[in-house]
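1. Sequence and predicted structure, then a few things I'm wondering about:
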Amino acid sequence: MNQRREFATIEVIENLSKQPLGDIKVFIFRFLLNYSLRFFTGRDDSRPMSDIVTYQKKIVLLEYGHRTVSRGLLEGDRDFYFLSIDELDRLLKGTETKALSKAKISARRRAFDRFVTHEEDPPLFLKGNMPMEDAEPRSADRKDVLKGHGTSRGVTTGRARIIPTLKDIGRLEKGDILVCHGTDPGWTSAFSIVSGVVAQTGGMLAHFSCLSREYGLPAVSLPNAIKLIRDGSIITVNGDSGEIRVVSE
């Protein structure tokens, strides 16, 4: 992977040097590249310190939760996560009733579960605070072609495997095309065996897009991909054009 990056860097520098004002363009490119590499290193190095600081805060919050349960104000140790600091404080002081706190927790837990399980996908665009649908994903000329947005170049054909959540990742086999809502660092291991990625949410800077480019995998962002693509069907993913062609279902 580092070797591919070095080859790509050399290729870019050679191309820039042949252009008008090539020396200046090469200087700017090298500066931005080195800055980016230092930034990513610093970002990763800062995370352990962030974990240390936030862990101290977590200890305090866990004590909040423990006290609410020990006083019979809440039922579960993790219920307090669904209340704000002010709400917890009022509950402990007795200025907010247990019934009101439990109602808030119940409603927020249901909303959280819907979000985590992707029962409701947020709209891609809003206009006047109202959902605005994107262009029709199916090609007007060919019903077997879905039109999305390419986020990593390349073309691949393989079996589509619908993976709604991380717990289903074990269903993936080598050469499969991952179809999912989106990814985070917990999904990284999947990128070493899949041949392409289709995700419902995210653009060029989404986690799945960046990792696909790093692994050299074609990737497309396609709203409602999980509903539009059948699990097990053979599809062709074109990261250049953003098109997904259903070869067979």
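-> Okay, I see it. Residues are numbered from 1 along each chain as shown.
2. Going by C-alpha atoms from here, please, whenever you check contacts or count neighbours.
-> Will do.
3. Where does pLDDT dip in this structure?
-> Along the chain, segments meeting pLDDT under 70 span 1, 119-124, 133-142.
4. residue contacts, the nearest residue to Leu172 once chain neighbours are set aside?
-> Spatial nearest neighbour of Leu172, excluding adjacent residues (Cα to Cα, 6 or more residues apart in numbering): Arg161 at 6.7 Å. Arg161 makes contact with Arg171, Leu172, Asp176, Ile177, Leu178, Val179, Asp231, Gly232, Ser233 under the criterion Cα atoms under 8 Å, 6 or more residues apart in numbering.
5. Could you rerun that using 6 Å?
-> For Arg161, the contact set (Cα atoms under 6 Å, 6 or more residues apart in numbering) comprises Ile177, Leu178, Val179, Asp231, Gly232.
6. Buried only: go through these for me.
-> By neighbour count, with 16 or more other Cα atoms under 10 Å, these hold Ile177, Leu178, Val179 as buried.
7. Mind telling me what element the second one is part of?
-> This points to Leu178. Assigned by DSSP states H and E, Leu178 belongs to strand 177-180.
8. top helix in the protein by residue count?
-> helix 22-70 (DSSP state H).
9. quick one: the very next helix or strand once past that helix to chain centroid distance?
-> Heading C-terminal from helix 22-70, the first helix or strand you meet, by DSSP H and E, is helix 85-93. How far helix 85-93 lies from its chain's middle: 34 Å, per Cα atoms, centre = their mean, to the nearest Å.
10. any idea of the angle helix 85-93 forms with helix 22-70?
-> Counting by axes from the mean of the first three to the mean of the last three Cα atoms, to 10 degrees, helix 85-93 lies at 10 degrees to helix 22-70.
11. Can you mark which positions in helix 85-93 are buried?
-> Residues Glu87, Leu88, Leu91, Leu92 are the ones in helix 85-93 that count as buried (16+ other Cα under 10 Å).
12. between the residues you listed, which is closest to Arg114?
-> Closest approach between those and Arg114, by Cα to Cα: Glu87, at 23.0 Å.
13. Name the residues that touch stretch 203-216?
-> For stretch 203-216, contacts defined as Cα under 6 Å, 6+ apart pick out Thr151, Ser152, Thr183, Asp184.
14. run the last query once more with 8 Å
-> The contact list for stretch 203-216 (Cα under 8 Å, 6+ apart) reads 1, 149, 151-154, 182-185, 188, 191-192, 196-197, 199, 202, 218-219, 221.
15. which one's the longest strand in the chain?
-> For the chain, the longest strand by residue count, based on DSSP state E, is strand 155-162.
16. For the closest residue to Phe80 other than its chain neighbours, list the residues it contacts.
-> Of all residues beyond its chain neighbours, the one nearest Phe80 is Gly65 (5.4 Å), with distances taken as Cα to Cα, 6+ apart. The neighbours of Gly65, taking Cα under 8 Å, 6+ apart as the test, are Asp77, Arg78, Asp79, Phe80, Tyr81.
17. can you rerun that using 10 Å?
-> Shown in contact with Gly65 (Cα atoms under 10 Å, 6 or more residues apart in numbering): Ile59, Leu73, Leu74, Glu75, Gly76, Asp77, Arg78, Asp79, Phe80, Tyr81, Leu88.
18. ok, now Asp240?
-> His149, Gly150, Thr151, Ser152, Arg153, Gly154, Val155, Pro218, Ala219, Val220.
19. for it, helix, strand, or coil?
-> Classification of Asp240 using DSSP: H, G, I helix; E, B strand; the rest coil returns coil.
20. For it, grab phi and psi.
-> Backbone torsions of Asp240, given as degrees, to the nearest 10, read phi -80, psi -50.
21. same thing with His149?
-> The phi/psi pair for His149 (degrees, to the nearest 10) is phi -130, psi 120.
22. Please tell me how far it sits from Lys58.
-> In this view, His149 and Lys58 are 40 Å apart by Cα to Cα, to the nearest Å.
23. same deal with Gly186?
-> Distance, Gly186 to Lys58, by Cα to Cα: 22 Å.
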